[in-house]
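**Student:** 3D, please:
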Amino acid sequence: MMIQENISAPSTLLDFPTRERFVEELEAHDYDIVGISGIVMNVGKVREMCRLVREHAPKSVVVVGGHVAAIPEIEQMIDADHIVRGEGVRWMREFLGEAVDAPIIHPMIRSSFGFRLMGLKTPAGGGDPAATIIPSVGCPMGCNFCTTSAFFGGKGRFVNFYETGKQLFDVMCKAEEQLKVRTFFMMDENFLLYKRRALELLDHMKTHGKAWSMYVFSSANVLRKYTMRQLVELGLTWVWMGFESAQSGYRKLRDSDTVALTRELQSHGIRVQGSTIVGMEHHTPANIRSEIEHAVAHDADCHQFMLYTPLPGTALYAQMQKEGRMLDGIDLADIHGQDKFNFRHEHITRDDSKSWLDFAFQHDYEVNGPSLYRMMRTMYEGWRRYAQDSDARVRARFASDAQSLKRGYGAALWAMERYLRRSNRAVAERIAELRKQIENEFGVSCRIIDRTAGPLLLWSAQREGFAYPQGRPLEPKTFIDRRNWA
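**Tutor:** So this is what the prediction gives:
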């Protein structure tokens, strides 16, 4: 979408196409250029799409970009005329003979679709529709496993689309008006790293009375450069933060007590998405359980566990290749970090890597309970702290959370409490306690909604679990967008 928005040539964006829809589009129009973007794991799909272009649109020039372009010798794996590595807007503008340094125009992007809650479909965008904003690409922190950092130049480098807070503010105002949202997913690897820009954005939000919410990625040491007051006023509602072991040596965690930071953020109503890597170099069968238990002790609102995975293009991949530790015969489609190691670990076998990964997710769930419950707990903490805040913007944001807690979220707690009574009574009791606190806070109408909608959610969750014990298979629908089309 970013490339399409920033070229003047007539173009079609076909996102998540089926094979049949892709062929139909190729045959319906004489395209000069067919651009294909993909991630490393989808190289097989990219190869097949290139083949289909040659078959159904042989005159078209095939351009391939995205993280799939980082695969060594990708030119021998797919039939493409051009492989684009790095930022694509500038490349495409230059290829088309357009002004490469023209200002970046941000597309209007909804952050989610097809959202489901406890087996039921929800309105478009989920309970809190959001717009996606892309301030920059790449990350200067340069962690050795990070594909994003490597793809856009490596340590110390990134591509900034918006230098000032005012520029971002204008983009967000446009998205607010066109998409009717007040929540923004800042798709930037470390948005808060550029403090001057973030605080300038805050100044404009204050001046114009914007009670926006933001979901951001950040590192622990960067978060500590702000006061909690600044983060709350900025609208920080959800933060993705790495919990990699202190023994990992990553600069983003230096001198950071991530457990204490998580607790502090949650006490201010900021939900924390933790991210922990399983199977790092120092992990052994003797210490990995305690490392996972330390990660679980954060009690983050959500927690992603991911295998230590050398992906093509990263410093870690180059290191593993040099040391002869990459395993042969591993399909690139399976190196997404949720299966098994694709390299030879010094202490942990490939099969055991999957067992430890599964244990991490299960242990987090058994100890801390469902993420939905944890998020509601943090929302309630924020409401209690800021319901009477002196800043009208802050009050308005937490009042919006309170409305959600009043009008249905308690019903989800009612259902979760009963869903877990037999399998995990300790967690069920904590859920019940939160539900009672919320009902006491918000009164009779809240209790009525909980007891009316709760049984429906319990039934739908049980039905979903029975029908899809391994989880419901989900496929995104196809999106099509034509620009400058005659």
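**Student:** hey, let's count contacts and neighbours off CA atoms from now on
**Tutor:** Will do.
**Student:** just checking, residue 160 touches residue 135?
**Tutor:** Yes. Judged on C-alpha atoms under 8 Å, residue 160 makes contact with residue 135 at a distance of 6.5 Å.
**Student:** which one's more surrounded, the two?
**Tutor:** residue 135 (21 against 13; other C-alpha atoms under 10 Å).
**Student:** got the phi and psi for the more buried one?
**Tutor:** Dihedral pair for residue 135: phi -70, psi -30, per degrees, to the nearest 10.
**Student:** residues in contact with residue 182?
**Tutor:** Residues near residue 182 by C-alpha atoms under 8 Å, 6 or more residues apart in numbering: 129-130, 176, 211-213.
**Student:** again with residue 198
**Tutor:** Per C-alpha under 8 Å, 6+ apart, neighbours of residue 198: 165, 191-192.
**Student:** how about residue 36, nearest residue that isn't a chain neighbour?
**Tutor:** residue 64 (4.8 Å; C-alpha to C-alpha, 6 or more residues apart in numbering).
**Student:** ok, of the contacts of residue 198, which one's closest to residue 362?
**Tutor:** If you rank the contacts of residue 198 by distance to residue 362 using C-alpha to C-alpha, residue 191 comes first, at 30.7 Å.
**Student:** how confident was the prediction at the closest one?
**Tutor:** With respect to pLDDT, residue 191 has a value of 89.
**Student:** before we move on, what about residue 252?
**Tutor:** So residue 252 comes in at 48 (pLDDT).
**Student:** and if you look at residue 408?
**Tutor:** Reported pLDDT for residue 408: 82.
**Student:** test my guess that it contacts residue 448.
**Tutor:** No. Contact criterion C-alpha under 8 Å: residue 408 and residue 448 do not qualify, at 9.9 Å.
**Student:** shaky segments in the protein?
**Tutor:** Along the chain, the parts satisfying pLDDT under 70 run over 123-127, 245-256.
**Student:** mind listing the strands for the stretch 351-486 of the chain?
**Tutor:** Taking DSSP state E, counting those that start in this stretch, the strands of the stretch 351-486 of the chain run over residues 479-483.
**Student:** quick one, helices of it?
**Tutor:** Secondary structure of the stretch 351-486 of the chain by DSSP state H, counting those that start in this stretch: the helices cover 371-386, 392-404, 410-419, 425-442, 444-467.
**Student:** out of these, which comes closest to residue 15?
**Tutor:** helix 444-467 (28.0 Å).
**Student:** in the closest one, what's buried?
**Tutor:** By neighbour count on 16 or more other C-alpha atoms under 10 Å, the buried set for helix 444-467 is 446-450, 453-458, 460-462, 464.
**Student:** also stretch 161-172?
**Tutor:** 161-162, 164-166, 168-169, 171-172.
**Student:** could you do stretch 13-22 as well?
**Tutor:** 14-15, 17, 22.
**Student:** how about that stretch as CSV, C-alpha atoms only?
**Tutor:** Taking Å, rounded to 0.1, in the frame of the first residue of the first chain, the C-alpha atoms of stretch 13-22 are listed here in CSV:
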residue,chain,number,x,y,z
LEU,A,13,-3.1,-3.6,-5.2
LEU,A,14,-4.2,-7.2,-4.9
ASP,A,15,-3.6,-8.3,-1.3
PHE,A,16,-3.9,-11.9,-0.1
PRO,A,17,-5.1,-13.2,-3.5
THR,A,18,-6.1,-16.7,-4.1
ARG,A,19,-4.3,-18.4,-7.1
GLU,A,20,-7.5,-18.1,-9.1
ARG,A,21,-8.0,-14.4,-8.3
PHE,A,22,-4.3,-13.7,-9.2
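**Student:** residues near residue 330, how many?
**Tutor:** Neighbour count for residue 330, taken as other C-alpha under 10 Å: 13.
**Student:** list the contacts of the residue lying closest to it once chain neighbours are set aside.
**Tutor:** Leaving aside its sequence neighbours, residue 330 sits nearest to residue 342 (C-alpha to C-alpha, 6+ apart; 6.4 Å). Applying C-alpha under 8 Å, 6+ apart, we find residue 342 in contact with 309-310, 326-327, 330, 335, 350.
**Student:** scan those residues and report the most crowded one.
**Tutor:** Ranking the contacts of residue 342 using other C-alpha under 10 Å puts residue 310 first, with 25 neighbours.
**Student:** give me the nearest residue to that one, chain neighbours excluded.
**Tutor:** Closest residue in space to residue 310, ignoring its immediate chain neighbours: residue 317 at 4.4 Å, by C-alpha to C-alpha, 6+ apart.
**Student:** any idea which element that neighbour lies in?
**Tutor:** Element membership for residue 317 (DSSP states H and E) is helix 315-322.
**Student:** hmm, who's touching that helix?
**Tutor:** 144-145, 150, 310-312, 326, 343.
**Student:** coming back round to it: secondary structure added to the buried residues of stretch 161-172, as JSON lines?
**Tutor:** Shown next, in JSON lines, are the buried residues of stretch 161-172 (DSSP: H, G, I helix; E, B strand; the rest coil):
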{"residue": "161", "secondary structure": "coil"}
{"residue": "162", "secondary structure": "coil"}
{"residue": "164", "secondary structure": "coil"}
{"residue": "165", "secondary structure": "helix"}
{"residue": "166", "secondary structure": "helix"}
{"residue": "168", "secondary structure": "helix"}
{"residue": "169", "secondary structure": "helix"}
{"residue": "171", "secondary structure": "helix"}
{"residue": "172", "secondary structure": "helix"}
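**Student:** what's the closest of these to residue 363?
**Tutor:** Of the buried residues of stretch 161-172, the one sitting nearest to residue 363 (C-alpha to C-alpha) turns out to be residue 172, at 38.9 Å.
**Student:** so the residue of the chain most remote from its centre, which state does it fall into?
**Tutor:** What lies farthest from the middle of the chain is residue 59; by C-alpha atoms, centre = their mean that is 37.4 Å. Under three-state DSSP, residue 59 falls in the coil class.
**Student:** which ones are touching it?
**Tutor:** residue 32.
**Student:** returning to what we had before: and the helix holding residue 317, how far from the chain's centre?
**Tutor:** 26 Å (C-alpha atoms, centre = their mean, to the nearest Å).
**Student:** for it, which positions count as buried?
**Tutor:** Those would be 315-318, 320, for helix 315-322 by 16+ other C-alpha under 10 Å.
**Student:** so where do the helices sit in the stretch 1-150 of the chain?
**Tutor:** 2-5, 19-28, 43-56, 88-96, 147-151.
**Student:** please name every helix or strand in contact with the shortest one.
**Tutor:** Using 3 or more C-alpha pairs under 8 Å, 6 or more residues apart in numbering; DSSP states H and E as the contact definition, the elements that helix 2-5 packs against are strand 11-15, helix 88-96.
**Student:** kindly reformat those as TSV containing distance to residue 437.
**Tutor:** As requested, these are exported to TSV (distance: least, C-alpha to C-alpha, whole Å):
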stretch	distance to residue 437
strand 11-15	44
helix 88-96	51
